[in-house]
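>>> pasting the structure only:
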């Protein structure tokens, strides 16, 4: 976690590489942060991105005594995904659904490319979630979904936590939702958890991962399809997030977390919102065509199509499918750069 008041002291791998005078490739290969005596990351166990406290790393690099971190437990401590999930007593996958709740969304902050939430917000949400319900009447069955749409993924995840073999019919009955809605949510959650297991244990086959999670063979096909897309999305997300962070650092985009989505049946796409005052509302990445400018801020990606989108306001930027952020920034600043069709 990031202790209260120490956000500006957070250091990333890139920050440490610069401080140590290393190229990023050399830093990745040598992994100097594994040396004896190097300060431990402030990231939680299992975090995908490591962060450090700058006061500690600066002292280490200067050969000085490493100071102790302040105690944890303050309201303004910033918790990462695993830590927030632990406060609520749920899995990180379930937290991924909780964090979309309106009570939580406005308070998310991205530090070093990692989402965090103030402890007080997570704790307040837990108290509201666990508070006794005073309305015993409820709505008549059949009057509409008994669970608000934004809470549905969380509720389904809780049922899956309790029973990995929970059926679509059981979810439909317990939450009073449509069969297709229950089916979609269950398959999405199972697929993501299979992907988690495969990343944690690379030696497993997808079928073995599904079985280890307690999923019955009847649901394997759909869940494994979701897992395949999820793994592909996770492979490309760090690159896309890096582009978004770099553009934000140049003042071209707000700080944001990039979400990779499934476009149609086979393709991945993502959007990076740009600054409100610019001529281009967003950039869109499509794994088939690379980066292009968007003409809509609300729906930048648009509908799936077999051919690359064309028209007024659309320019394809970069000389490859995954160019550096600097090349995209140059294209945004110079209307002469880019093409009407992907290269």
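Everything's here; your move. Quick caveat: nothing in here was measured; it's all calculated off a predicted structure.

>>> can we go C-alpha only for contacts and neighbour counts from here?
Noted.

>>> And the strands in the stretch 51-200 of the chain?
Ranges of strands in the stretch 51-200 of the chain, per DSSP state E, counting those that start in this stretch, are 52-53, 78-79, 109-111, 114-118.

>>> So which elements touch the least confident helix or strand in the chain by mean pLDDT?
The weakest-scoring helix or strand in the chain, judged by mean pLDDT, DSSP states H and E, is helix 92-98 (a mean of 84). Other helices and strands packing on helix 92-98, by 3 or more Cα pairs under 8 Å, 6 or more residues apart in numbering; DSSP states H and E, are helix 81-88, helix 152-162.

>>> Could you tell me the least trusted of those helices?
In terms of average pLDDT, helix 152-162 trails the rest of the helices and strands packed on helix 92-98, at a mean of 86.

>>> where's that one relative to the chain centroid, distance-wise?
Distance of helix 152-162 from its chain centroid, counting by Cα atoms, centre = their mean, to the nearest Å, is 19 Å.

>>> Any buried residues in it, and which?
Using 16 or more other Cα atoms under 10 Å as the test for burial, helix 152-162 gives 152-160.

>>> Check stretch 12-20 too.
Those buried within stretch 12-20 under the rule 16+ other Cα under 10 Å are 12-13, 15-17.

>>> Filter those residues down to the ones in strands?
If you go by DSSP state E, the buried residues of stretch 12-20 have nothing in strands.

>>> Which of those sits closest to residue 110?
Closest to residue 110 out of the buried residues of stretch 12-20 is residue 12 (12.4 Å), distances taken as Cα to Cα.

>>> isn't that closest one right next to residue 112, touching?
Yes: contact status for residue 12 versus residue 112: in contact at 6.0 Å, counting by Cα atoms under 8 Å.

>>> Now do the shared contacts for these two.
Shared contacts of residue 12 and residue 112, defined by Cα atoms under 8 Å, 6 or more residues apart in numbering, comprise residue 51.

>>> Run a quick neighbour tally on the closest residue to residue 204 other than its chain neighbours.
In this structure, residue 204 finds its nearest non-sequential neighbour in residue 198, 6.3 Å apart by Cα to Cα, 6 or more residues apart in numbering. Residues near residue 198, counting by other Cα atoms under 10 Å, number 20.

>>> Assess the claim that residue 198 and residue 207 are in contact.
No: using Cα under 8 Å, residue 198 makes no contact with residue 207, being 10.0 Å away.

>>> Overlap of the contact sets of the two?
By Cα under 8 Å, 6+ apart, no residue touches both residue 198 and residue 207.

>>> is it possible to export the helices and strands packed on helix 92-98 to TSV including distance to residue 259?
Shown next, in TSV, are the helices and strands packed on helix 92-98 (distance: least, Cα to Cα, whole Å):
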stretch	distance to residue 259
helix 81-88	16
helix 152-162	17
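
>>> between those, which gets nearest to residue 128?
Residue 128 lies closest to helix 81-88 among the helices and strands packed on helix 92-98, at 11.2 Å (Cα to Cα).

>>> which parts of that closest one are buried?
Buried-residue list, helix 81-88, by 16+ other Cα under 10 Å: 81-85, 88.

>>> can you check stretch 257-268 too?
257-258, 260-263, 268.

>>> Looking at those residues, which are in strands?
Per DSSP E, those map to strands at 261-263, 268.

>>> Isn't residue 272 up against residue 286?
No: the pair residue 272 / residue 286 is not scored as a contact, 11.7 Å apart, by Cα under 8 Å.

>>> Which one's more surrounded, the two?
Between residue 272 and residue 286, counted using other Cα under 10 Å, residue 272 has the larger neighbour count: 29 against 20.

>>> remind me which residues of the stretch 51-200 of the chain are low pLDDT?
Per-residue confidence for the stretch 51-200 of the chain (pLDDT under 70) gives these ranges: 132-150.

>>> Mind doing that once more with 90?
For the stretch 51-200 of the chain, the stretches flagged by pLDDT under 90 are 70-75, 85, 88-107, 112-114, 124-158, 160-162, 165, 172-185, 188, 200.

>>> returning to what we had before: and the buried residues of helix 152-162, which is closest to residue 117?
For the buried residues of helix 152-162, the nearest to residue 117 is residue 154 (17.6 Å; Cα to Cα).

>>> tell me the contacts of the closest residue to the closest one other than its chain neighbours?
Nearest non-adjacent residue to residue 154, counting by Cα to Cα, 6+ apart: residue 97, 5.2 Å away. Neighbouring residues of residue 97 by Cα under 8 Å, 6+ apart: 151, 153-154.

>>> out of these, who's nearest residue 221?
Lowest distance from residue 221 to those (Cα to Cα) belongs to residue 153, with 20.7 Å.

>>> Out of the helices and strands packed on helix 92-98, which is closest to residue 123?
Across the helices and strands packed on helix 92-98, closest to residue 123 is helix 81-88 (Cα to Cα), at 7.1 Å.

>>> From the chain's centroid, how far away is the closest one?
Per Cα atoms, centre = their mean, the centroid offset for helix 81-88 relative to its chain is 15 Å.

>>> angle of that helix against strand 114-118?
30 degrees (axes from the mean of the first three to the mean of the last three Cα atoms, to 10 degrees).
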